[in-house]
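Chemist: Got a sequence here, can you model it:
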Amino acid sequence: MLRGLALFGILAVNLITEFRVSIFEQFLPSSGTQSALDDAVSTILKIAVQSKAFALFSLLFGVGLAIQFDRLNPARRTILLVRRLAALLAIGLVHLFLIWNGDILTEYAVAGFVVLPLLFGPRWLLAAGGLFFLGIYLVVPLPSQIVSLPDVDTLIEHVAEARRIYGAGGFWQILAFRIHEVPSIFPLHAFVFPRTISLFLFGAFVWRTGILREATNNRGLLLGTAIIGIVAGLGLTLAADGYVLSGWLTLRRTLFLTRDLAPVLLAFGYAAAAIDLMSVSLGRKMLGWAAPVGRMAFTNYLVQSIVLGWLFYGYGFGLFGRLGAAAALLMAALLYAAQAMLSAWLLRHYWYGPIEWLWRALMYGHAPPMRRKS
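Modeler: From the prediction side, this is the model:
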């Protein structure tokens, strides 16, 4: 259920910041041409969802990796998980180059290979590793020294070219430009890569504490984590954006520390709040509809890329650069609702979504049964 909810946040952010316009437009000064409603939608998403949904999804991926590791036969789990991550990497590379270059699957696969050896260690090692990589993400500006974004003039030129090609180009022209963009997007992945590893490790640590398996017995801890994570995370986000404490944030590094830490805190806060709610029957009734979306998250993520590419790129409806943030959010809600209904229908008749089935087949080396008998 939680993974299904996080997927909507990812869809909304991807659609508004990367399919609707160039991914680099968010790094340029605002043109001031948006309507008040579009400004409000963009601001709310930036404060409450942008990068937070991805952090939450990373945390959940770590939980899933630990569950796989702990439940697999110790004699085979290493080779099976290596196959699983290798399959994810292969699918991610196809998605990255042929469908959409905002892909996160490739980064997740590489981060998974880094985390996998640590899963053999004790629980404290996962927590220590999570803190270590979080410290690299927050304190050490290593990725920005290795790779950096182009200068503003180059970004302006690139955004204009992206608007022309994505909005009106044919399939092969868009494919060539998408591949050409990949090196420019790499710094964005390099910057968040330590955070991704950290959240994978924290997710594995949380799973092994047993809190998730005994949520009803840990509601006080979950509620406290939710309050602290959400209040502190939103507070730091508002501070970094100058809404509060702007005079206190005088040091440039303090500003970046504040902005970078906020998504991690909010990921824990959102997760704890949802799990606490879902530990009671009323919460499960309220949020149960999201479970099929989460069980088919891999399939739904790829379908979103295909559908949005068809809607926004020149080989489809060519909406690139022509849609406001509010209209795009409505489009995200409609697409997500359709996926929720389709996921529920499919999982009544089949054990897995199609990509989940493929992933499982590549992992185990044989095709699992797909259709339910009754």
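Chemist: Mind giving me the packing neighbours of the longest helix seen in the chain?
Modeler: With secondary structure taken from DSSP state H, the chain has its longest helix at helix 171-209. Helices and strands touching helix 171-209, by 3 or more Cβ pairs under 8 Å, 6 or more residues apart in numbering; DSSP states H and E, are helix 52-71, helix 105-115, helix 123-139, helix 142-146, helix 152-168, helix 252-278. (Each C-beta comes from the backbone N, C-alpha and C, glycine too.)
Chemist: so the very next helix or strand once past it versus helix 52-71, what angle?
Modeler: Note on helix 171-209: by DSSP states H and E, the next helix or strand toward the C-terminus is helix 219-240. Helix 219-240 and helix 52-71 are oriented at 140 degrees to each other (axes from the mean of the first three to the mean of the last three Cα atoms, to 10 degrees).
Chemist: Going forward, the N-terminal residue is numbered 254.
Modeler: Sounds good: first residue 254 from here, last item helix 472-493.
Chemist: Now do helix 472-493: distance to the chain's middle.
Modeler: Offset of helix 472-493 from its chain centre (Cα atoms, centre = their mean, to the nearest Å): 19 Å.
Chemist: Can you name every helix or strand that it contacts?
Modeler: Using 3+ Cβ pairs under 8 Å, 6+ apart, helix 472-493 sits against helix 289-301, helix 505-531.
Chemist: For the next helix or strand after the longest one, C-alpha coordinates in CSV please.
Modeler: Once the chain leaves helix 505-531, the next helix or strand it forms, by DSSP H and E, is helix 534-540. Listed next in CSV are the C-alpha coordinates belonging to helix 534-540 (Å, rounded to 0.1, in the frame of the first residue of the first chain):
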residue,chain,number,x,y,z
SER,A,534,-8.6,-1.9,10.2
LEU,A,535,-10.0,1.5,9.3
GLY,A,536,-6.7,2.6,7.8
ARG,A,537,-6.5,-0.6,5.8
LYS,A,538,-10.0,0.1,4.5
MET,A,539,-9.1,3.7,3.6
LEU,A,540,-5.8,2.8,1.8
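Chemist: Run through who's touching helix 534-540.
Modeler: If you take Cβ atoms under 8 Å, 6 or more residues apart in numbering as the criterion, helix 534-540 is touched by Met254, Leu258, Ala527, Asp529, Leu530, Met531.
Chemist: how about the third one, what does it touch?
Modeler: Residues near Ala527 by Cβ under 8 Å, 6+ apart: Met254, Leu255, Leu258, Leu540.
Chemist: Please report the distance of it from Gly536.
Modeler: 8 Å (Cβ to Cβ, to the nearest Å).
Chemist: residues touching the residue lying closest to Leu379 once chain neighbours are set aside, list them.
Modeler: Among residues not flanking Leu379 along the chain, Phe458 sits closest, at 4.0 Å (Cβ to Cβ, 6 or more residues apart in numbering). Contact analysis of Phe458 by Cβ under 8 Å, 6+ apart lists Arg376, Leu379, Ala380, Gly383.
Chemist: Run through the residues that contact the residue nearest to the first one when sequence neighbours are not counted.
Modeler: Across the structure, with Cβ to Cβ, 6+ apart as the measure, the residue nearest Arg376 apart from its sequence neighbours is Arg461 (4.9 Å). Taking Cβ under 8 Å, 6+ apart, we find Arg461 in contact with Ala319, Asp323, Arg376, Leu379.
Chemist: for Gly317, same thing?
Modeler: Gly456.
Chemist: contact partners of stretch 322-337?
Modeler: With Cβ under 8 Å, 6+ apart, stretch 322-337 has contacts from 318, 321, 365-366, 369, 372, 457, 460-461, 612, 615-618.
Chemist: picking up where we left off before, any idea which of the contacts of Ala527 has the most stuff around it?
Modeler: In terms of neighbours by other Cβ atoms under 10 Å, those top out with Leu255 at 23 neighbours.
Chemist: Retrieve the pLDDT associated with the residue nearest to that residue when sequence neighbours are not counted.
Modeler: Distance criterion Cβ to Cβ, 6+ apart; nearest residue to Leu255, sequence neighbours excluded, is Ala527 at 5.0 Å. Ala527 is assigned 92 on the pLDDT scale.
Chemist: Against Leu452, how distant is Ala527?
Modeler: Relative to Leu452, and taking Cβ to Cβ, Ala527 is found at 16 Å.
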